[in-house]
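Asks: What shape does this take:
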Amino acid sequence: LLSLSCTFQMDTTEESYLDLFPLDAIVYLTPDSENVLEDIDPNKVYVLGGLVDESIHKKLTLRRAEEQSLQTARLPIREYMVKTANNKNYHSETLAINQVFDVLLTYYETRSWPAALKAGVSSGKGYVLPDAVKE
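Replies: Have a look, this model is predicted:
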């Protein structure tokens, strides 16, 4: 169980995030970014894409962010996790929005990428923490 130690306020609007926040404050999270998210900056706004890049349009979220002149970052999956053998030889760094949110929330609370990635990246993605690999 994940205990929430902070309160989140959610507002909905039809306005674009591009109109609501300065461009230099926005970080678009995409699995195709070359930039690794090393820490969460409370002064930044993180956009969690709602598109499935791997099965519909490769690199769509990265192209969208680049077209909007936004900073991009990806979760540090390959920096903290290892590929595991599986029947389909399947390895994916693309996560659902709720999984990305779980990773970010756990990291914010623990300041531990291994703990955060364990919370949000299912073994079905083909990645596990190194200590989970069975010799």
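Asks: I'd like the next helix or strand past the one helix or strand residue 19 maps to.
Replies: Assigned by DSSP states H and E, residue 19 belongs to helix 17-20. On the C-terminal side of helix 17-20, the nearest following helix or strand under DSSP H and E is strand 26-29.
Asks: Report the rounded mean pLDDT for the helix or strand just after that next one.
Replies: The C-terminal neighbour of strand 26-29 among helices and strands, as given by DSSP H and E, is strand 45-48. Strand 45-48 shows a mean pLDDT of 90.
Asks: Ok, stretch 92-105 next?
Replies: 89.
Asks: Then stretch 128-135?
Replies: On average, stretch 128-135 scores 75.
Asks: so how far is the helix holding residue 19 from its chain's centroid?
Replies: Distance of helix 17-20 from the chain centroid (CA atoms, centre = their mean, to the nearest Å) equals 20 Å.
Asks: Give the rounded mean pLDDT of it.
Replies: Taken as a whole, helix 17-20 carries a mean pLDDT of 93.
Asks: which residues are contacting it?
Replies: Here helix 17-20 makes contact (CB atoms under 8 Å, 6 or more residues apart in numbering) with 13, 26, 45, 47, 68. Quick note: C-beta positions are derived from backbone N, CA and C, even for glycine.
Asks: Recalculate using a threshold of 7 Å.
Replies: 26, 45, 47, 68 (CB atoms under 7 Å, 6 or more residues apart in numbering).
Asks: Thanks a lot, catch you later.
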